[in-house]
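[1] Mind looking at a prediction? Sequence and model below.
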Amino acid sequence: MSNSSSISHFLLLALADTWQLQLLHFCLFLAISLAALLGNGLIISAVACGHHLHTPMFFFLLNLVLTDLGSILTTVPKAMHNSLWDTRNISYTGCAAQLFFFLFFISAEYYHLTVMCYDRYVSICKPLHYGTLLGSRACAYMAAAAWASAFLYSLLHTANTFSLPLCYGNAVWPVLL
């Protein structure tokens, strides 16, 4: 029988050691997240309420806003909690879930930006074929492909990361974990 131990949680190394700096981090994280929520909420409401904005470009923009909201809501609340309550740990499954969702939303953002580049290419270089090349069905397929590709990428990357043995114990730098 081998002598091995399992890790149930990770210890996060502190961003700041004093209470005042931790409170400052909390206030900065709160301000940034509220500004992002307000800006993205305004974009969502503008696209939803403006019927003249129901075009492929704004459909992809709406998907991009959702990826931005997801990446913010994946990382910032835990960082705010750690700063305010002076906690230094995250569970193993919590870390894996946070990595999965962060990679999912960031890679979905890249894929949606790629799709948006194709949308702009077609509108500029082939304006007469724009309606046929980017109909509602094609837009839905491209958005679904971006979300599915992001899911597959994040699933494979997270599974590969957490299947590797840990070399230096369970202390990690808090990259907004």
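    That came through, no problem. Residues are numbered from 1 along each chain as shown.
[2] In contact with the most centrally placed residue in the chain, which residues?
    By Cα atoms, centre = their mean, the mean C-alpha position of the chain lies nearest to residue 71, the distance being 2.4 Å. The neighbours of residue 71, taking Cβ atoms under 8 Å, 6 or more residues apart in numbering as the test, are 102, 105-106, 109. The way it works is simple: take the backbone N, C-alpha and C, and place the C-beta from them, glycine included.
[3] so residue 102 sits right up against residue 74, yeah?
    Yes - with contact defined as Cβ atoms under 8 Å, residue 102 and residue 74 form a contacting pair (4.9 Å).
[4] Show me how far stretch 36-48 is from its chain's centre.
    Taking the mean of its C-alpha atoms, stretch 36-48 sits 17 Å from the chain's own mean (Cα atoms, centre = their mean, to the nearest Å).
[5] Also stretch 67-85?
    10 Å.
[6] same question, stretch 81-91
    Put simply, stretch 81-91 sits 20 Å off its chain's centre (Cα atoms, centre = their mean).
[7] tell me how far the ends of it are from each other?
    14 Å (Cα to Cα, to the nearest Å).
[8] going forward, begin numbering at 6 instead of 1
    Let's use 6 as the start, then, which means that last one is stretch 86-96.
[9] Let me know the average pLDDT across that stretch.
    Taken as a whole, stretch 86-96 has a mean pLDDT of 79.
[10] List the buried residues of the longest helix anywhere in the chain.
    When the chain is parsed with DSSP state H, its longest helix is helix 97-130. Neighbour-count burial for helix 97-130, counted by 16 or more other Cβ atoms under 10 Å, picks out 100, 103-114, 116-117, 120-121, 124, 127-128.
[11] for stretch 129-140, same thing?
    By neighbour count, with 16+ other Cβ under 10 Å as the criterion, the buried positions of stretch 129-140 are 135, 139.
[12] Just the CA atoms of that stretch, as CSV, please.
    Extracted in CSV, the C-alpha atoms of stretch 129-140 (Å, rounded to 0.1, in the frame of the first residue of the first chain):
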residue,chain,number,x,y,z
ILE,A,129,-18.4,44.4,-45.0
CYS,A,130,-17.0,42.1,-47.7
LYS,A,131,-20.3,40.5,-48.9
PRO,A,132,-23.1,42.9,-48.0
LEU,A,133,-25.5,41.5,-50.7
HIS,A,134,-25.2,38.0,-49.3
TYR,A,135,-25.4,39.0,-45.6
GLY,A,136,-29.0,38.0,-45.2
THR,A,137,-28.5,34.6,-46.7
LEU,A,138,-25.2,33.8,-45.0
LEU,A,139,-26.2,35.0,-41.5
GLY,A,140,-29.9,34.2,-41.1
